[in-house]
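Participant: The sequence isn't on hand, but the structure is:
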């Protein structure tokens, strides 16, 4: 089986538990495939750092249920075990307005946990380990565990992990309370066992920015070895051969060179997106807007993912050679796709939380201003005009997660956002030299291409057809 690690609420400790288990399994010489419920980029970075294998997002809003099952079974091929890190609390799903917009969902009024960890566990038929934050609890822990086990009889609760246990006496009270439930205690983490991973305004600090990360992983592996009941856990982690399926291949191939911005400033990418580009024939060439002075030679398209350009705005701005090269390429008609952090990089400037402004590429007629307001949620967007990714009228689901606002909005916008009064996204460059030949798609919305391979295929076709007037 593959296990899902769920919390009884957000911040119960499921990321620590997941990483500790992954680190120990890796230390044992096992190949472990990690998954993450939802659209999160940063947790998957930590999974990959520990296991050496790209972690996969399981998000039914962005990709649908069929793709999740196919992706899950495909990536269990060739590994020894798998672990799914949940999102928020076990039964916490998306909001009712999002459910009402999902065309694939039946009985919308009755569904309350769509896209939750429970939903994914039911869909994949895998057992759940529940992480309980035990601070301030004694006998009440039994009521919590009993409620989670009986709330949905379709969920197989394999056991609990008791997190933030204060003392031996505290543990004794917790064990006494749980004894009558006959529910296995699969792990015990003490309060002094807590490991702190630094965070910032959008969550955990990415792996590339933590110099002491190897020491943290070693500590996690030690916790994994000593804090869990592996006699009970190992049998649950074995993968039946029926769950494994080999990789599928796409027939159409579009040989193209794509420059993908990837460094400390830009690292929010769904691995499935990168894989799809490669399967379609693209050669992905990674480069750094922070340190490289030019685009890779011979590229025919640009891909800017999200990240933290506001944190590295000074360095990005100082690298004028990279900014000028990107600007010249887009003005020459090279197809470009930018989302969130990439959009900010292509703007006129970024103003950070301290009010200091730094010049960016300057291809978009707007500036990104950091604020305390968090924009977060799924979006159903309808394309209002053609772009290198899809024609007008295409409906896509995406996700927004940022603390910046734009000083000016496009007219006309690229998207109509269903259920929102604000439309957004750029199709063409609004500058004196702008013409309909410019092929830029820039938006705050992150897209997952997994169930929509026609989107990256269209982008590659535009890249392949582009005639290079400047000999990039």
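Facilitator: All right, it came through fine. Please read these numbers as outputs of a predicted model, since none were measured by experiment.

Participant: How is this structure divided into domains?
Facilitator: 3-243, 256-465 (automatic domain parsing).

Participant: For the ones you listed, please prepare CSV with the additional fields mean neighbour count and mean pLDDT.
Facilitator: Backbone N, C-alpha and C define where each C-beta goes, glycine included. Formatted as CSV, the domains of the chain follow (neighbours: other Cβ atoms under 10 Å; pLDDT from 0 to 100):
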stretch, mean neighbour count, mean pLDDT
domain 3-243, 18, 93
domain 256-465, 20, 90
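
Participant: Pull up the gap between residue 340 and residue 37, please.
Facilitator: To residue 37, residue 340 is 21 Å away according to Cβ to Cβ, to the nearest Å.

Participant: Quick check: which element contains residue 233?
Facilitator: Under the criterion of DSSP states H and E, residue 233 resides in helix 230-237.

Participant: helices or strands next to that helix in the packing?
Facilitator: Secondary-structure packing of helix 230-237 (3 or more Cβ pairs under 8 Å, 6 or more residues apart in numbering; DSSP states H and E): strand 3-7, strand 81-89.

Participant: ok, 10 Å please
Facilitator: Where contact means 3 or more Cβ pairs under 10 Å, 6 or more residues apart in numbering; DSSP states H and E, helix 230-237 is packed against strand 3-7, helix 14-27, strand 81-89, strand 157-165, strand 185-190.

Participant: Dump those to TSV, plus distance to residue 144.
Facilitator: Listed next are the helices and strands packed on helix 230-237 as TSV, based on distance: least, Cβ to Cβ, whole Å:
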stretch	distance to residue 144
strand 3-7	11
helix 14-27	15
strand 81-89	11
strand 157-165	9
strand 185-190	13
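
Participant: Quick one: residues contacting residue 7.
Facilitator: 13-15, 17, 85-90, 92, 117, 130-133, 161, 163 (Cβ atoms under 10 Å, 6 or more residues apart in numbering).

Participant: Please apply the same query to residue 176.
Facilitator: Contacts of residue 176 by Cβ under 10 Å, 6+ apart are 138, 139, 141, 142.

Participant: Let's test this: what are the backbone torsions at it?
Facilitator: Phi and psi for residue 176, reported as degrees, to the nearest 10, are phi -60, psi -40.

Participant: how about the helices in the stretch 1-150 of the chain?
Facilitator: 14-27, 42-51, 60-63, 65-75, 96-101, 117-124, 140-151 (DSSP state H, counting those that start in this stretch).

Participant: Relative to residue 305, which of these is closest?
Facilitator: Across the helices of the stretch 1-150 of the chain, residue 305 has its closest neighbour in helix 42-51 (12.1 Å, Cβ to Cβ).

Participant: all helices of the stretch 251-400 of the chain, in order?
Facilitator: 271-279, 313-318, 320-331, 341-346.

Participant: Which of these sits closest to residue 196?
Facilitator: Using Cβ to Cβ as the measure, helix 341-346 is the one of the helices of the stretch 251-400 of the chain that comes nearest residue 196, at 25.2 Å.
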